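In: Quick check, what structure comes out for this input:
(one chain, ligands or ions: 3)
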Amino acid sequence: MGKNWRDFKLYAITAANYHPERDMLEVMEQAILGGADIVQLRKKDASKEELLADARALRALTARYGVPLIINDHIDIALAVGADGAHFGQDDLPLAEARRILGPDAIIGISTHSLEQALAAERGGADYIGVGPVYPTGTKPGRTAVTTSYVREAAAQVSIPWVAIGGITLGNVDEVLAAGATRICAVSAIVGSEDPAKTCRAFRVRLDAFAAAAKGADGESGRGRAQAETAVVGGLGSEDLSAGHEGDSADGRSGTFAVTVNGRREETSARTVSELIEALGLVGKSLVVELNGEIIARESWAAAGLADGAVLELVHFVGGG
Ligand SMILES: Cc1ncc(COP(=O)(O)OP(=O)(O)O)c(N)n1
Ligand SMILES: Cc1nc(C(=O)O)sc1CCOP(=O)(O)O
Ligand SMILES: [Mg+2]
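Out: Numbering: from 1, shown residues only. Ligands and ions are numbered 1, 2, ... in the order given. Reported below is the predicted structural model:
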């Protein structure tokens, strides 16, 4: 493993059924290249032989990138390939048994669906917990969604690393992060996407933007994350974004062009980040701005030019903890 595994933010899990035409290793390598920083082998109903072969191959891949490998359900496979850890659900091998077998250094993750289960896993010595399913998901059909209210409880009361999971997509991840998640796990949204690397990069942009907002508004402690909210840009149409910029702009250019703001394509005539903030009515707000994957310091907003195709994440921090 490279960096401290506890710093992971984006957890990717295998699910070959979502990419029947593509090789599992190729998809997972793309996910890692895009920013997935922990990987789980999950293959329900596979034979031990099949699991072992996949686990060996994934072990080699993840070792090459210094990314931790977790094996779902199968402690023998985890041991056989020297995985970094294993993940168990409420009905799987009990935590105490898993710890006895895997030893003190293994990363053991436990699925939880309520705060009570989370606190029990924490007391029992889990290294991290899954918090979910946040939304209904076809990857685990029939499971009742715990909603973002459990995410908020976890943010307030869980001390060990925890990861939000279940139905998380680029379309709803901001809501999960706004509820206080700082790590997310996605299966279908990553491995079922056309371009897993691009999808992971997009998840990372949002994770980083929320982390920066939490830090900016509350110092190093990260307190008050649960109050982080994305800037309210959803209701603004191109008219709003072009406000104050009709006709030629100061530098002689005219017209509008397309940018993506918090995942939404917009037409704007704003030539700089400052102009865009103004057009959005966000002047004076506690904001973190990410432009094409880079956080832009407030003092550089006026100089930060926007071009056609620019991708922006605007995170509005709305309170302390
Ligand atoms: C990170 C993470 N969280 C939750 C789960 C689900 O585990 P479990 O409840 O045991 O269900 P199965 O995955 O075994 O069907 C997970 N695998 N990973
Ligand atoms: C494997 C799993 N465990 C969950 C839990 O809540 O414990 S939700 C889930 C499925 C996550 O897949 P997707 O990102 O495609 O919804
Ligand atoms: Mg399980």
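In: Count the residues that sit near whichever residue of the stretch 1-150 of the chain sits closest to ligand 1.
Out: Per C-beta to the nearest ligand atom, G89 is where the stretch 1-150 of the chain lies closest to ligand 1, at 2.1 Å. From N, CA and C alone the C-beta is placed, and that goes for glycine too. Neighbour count for G89, taken as other C-beta atoms under 10 Å: 15.
In: what's the answer for S274, then?
Out: 18.
In: cool, and A189?
Out: A189: 25 surrounding residues under other C-beta under 10 Å.
In: any idea which helix or strand carries it?
Out: For A189, the enclosing helix or strand under DSSP states H and E is helix 188-191.
In: Tell me how far that helix lies from the chain's centre.
Out: In terms of C-alpha atoms, centre = their mean, to the nearest Å, the centre of helix 188-191 is set 12 Å apart from its chain centre.
In: Against which helices or strands is it packed?
Out: strand 10-13, helix 24-34, helix 196-218 (3 or more C-beta pairs under 8 Å, 6 or more residues apart in numbering; DSSP states H and E).
In: Buried deepest among these, which one?
Out: strand 10-13 (a mean of 26; mean count of other C-beta atoms under 10 Å).
In: residue boundaries of the strands in this structure?
Out: Using DSSP state E, the strands of the chain run over 10-13, 38-41, 69-72, 85-88, 107-112, 128-131, 162-165, 184-186, 228-230, 257-261, 264-268, 287-291, 294-296, 311-317.
In: how about the ones you listed in CSV, adding distance to ligand 3 and mean pLDDT?
Out: As requested, the strands of the chain are exported to CSV (distance: least, C-beta to the ion, whole Å; pLDDT from 0 to 100):
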stretch, distance to ligand 3, mean pLDDT
strand 10-13, 11, 98
strand 38-41, 10, 98
strand 69-72, 6, 98
strand 85-88, 6, 98
strand 107-112, 7, 98
strand 128-131, 10, 98
strand 162-165, 12, 98
strand 184-186, 14, 98
strand 228-230, 31, 44
strand 257-261, 37, 90
strand 264-268, 36, 87
strand 287-291, 35, 84
strand 294-296, 37, 82
strand 311-317, 34, 80
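In: Please convert the ones you listed to JSON lines, extending it with distance to ligand 2.
Out: Below are those laid out as JSON lines (distance: least, C-beta to the nearest ligand atom, whole Å):
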{"stretch": "strand 10-13", "distance to ligand 2": "6"}
{"stretch": "strand 38-41", "distance to ligand 2": "9"}
{"stretch": "strand 69-72", "distance to ligand 2": "8"}
{"stretch": "strand 85-88", "distance to ligand 2": "9"}
{"stretch": "strand 107-112", "distance to ligand 2": "4"}
{"stretch": "strand 128-131", "distance to ligand 2": "5"}
{"stretch": "strand 162-165", "distance to ligand 2": "5"}
{"stretch": "strand 184-186", "distance to ligand 2": "4"}
{"stretch": "strand 228-230", "distance to ligand 2": "20"}
{"stretch": "strand 257-261", "distance to ligand 2": "23"}
{"stretch": "strand 264-268", "distance to ligand 2": "22"}
{"stretch": "strand 287-291", "distance to ligand 2": "24"}
{"stretch": "strand 294-296", "distance to ligand 2": "27"}
{"stretch": "strand 311-317", "distance to ligand 2": "21"}
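In: wait, which of the ones you listed is closest to D23?
Out: Checking the strands of the chain against D23 by C-beta to C-beta gives strand 38-41 as the closest, at 14.2 Å.
In: For the residue most central in space within the chain, give the beta-bridge partners.
Out: Against the mean C-alpha coordinate of the chain, by C-alpha atoms, centre = their mean, the closest residue is I184 at 3.9 Å. Beta-bridge partners recorded for I184 (DSSP bridges): L10, A164.
In: how near is it to Y65?
Out: For I184, the distance to Y65 (C-beta to C-beta, to the nearest Å) stands at 19 Å.
In: which parts of the stretch 101-250 of the chain sit against ligand 2?
Out: Applying C-beta under 6 Å from any ligand atom, we find that the stretch 101-250 of the chain lies next to ligand 2 at 111, 130, 132-133, 137, 139-140, 165-168, 186-189.
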